[in-house]
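K.L.:
Sharing a sequence plus its predicted fold:
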Amino acid sequence: MKASDMRAQTDAQLEQQLNDLHAEWRDLRFQEAVGQLTATARIKAIRKDIARIHTIRTERLMEALAKDLFAEQAS
C-alpha cells in the first residue's frame with residue numbers, strides 16, 4: 001500500500017491494519033519455517049508496510065508535539 005493512502009487513514013484504521021499485517025507476517029514466518037511458503041516476496045512487502053505505518057505514526061506524533069510546543073510559546 002502506498003504511504004499516501006496510509007496517511008489518509010485514521011489512527012484507529014492504521015492500528016487495525018498494523019495488527020492485521022503483524023498477524024499475516026507471523027503466519028508467513030511459520031509457513032517459511034515448515035517449508036510451505038511460496039510467496040517469499042510478500043514477507044518483504046509486509047515488513048515495508050509495517051515500517052511505513054510506524055513512520056506515519058511517528059510523523060503524526062511529532063506534528064502534535066510541535067503544535068503543543070508552539071502553542072505554549074505563543075501564550
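P.N.:
Happy to help now that I have it.

K.L.:
For the lowest-mean-pLDDT helix or strand in the chain, which outside residues touch it?
P.N.:
None of the helices or strands of the chain scores lower by mean pLDDT, DSSP states H and E than helix 3-7, at a mean of 92. With contact meaning C-beta atoms under 8 Å, 6 or more residues apart in numbering, helix 3-7 is reached by L14, Q17, R52, I53, T55, I56. C-beta here means a position set from N, CA and C on the backbone, and glycine is covered the same way.

K.L.:
hmm, try it at 6 Å
P.N.:
Residues from elsewhere that reach helix 3-7 (C-beta atoms under 6 Å, 6 or more residues apart in numbering): R52, I56.

K.L.:
and L21, how many neighbours does it have?
P.N.:
Per other C-beta atoms under 10 Å, the neighbour tally for L21 reads 19.

K.L.:
so it touches I46, yeah?
P.N.:
Yes. Applying C-beta atoms under 6 Å, one finds L21 in contact with I46, separated by 5.3 Å.

K.L.:
Please tell me how far E32 sits from A74.
P.N.:
Distance, E32 to A74, by C-beta to C-beta, to the nearest Å: 53 Å.
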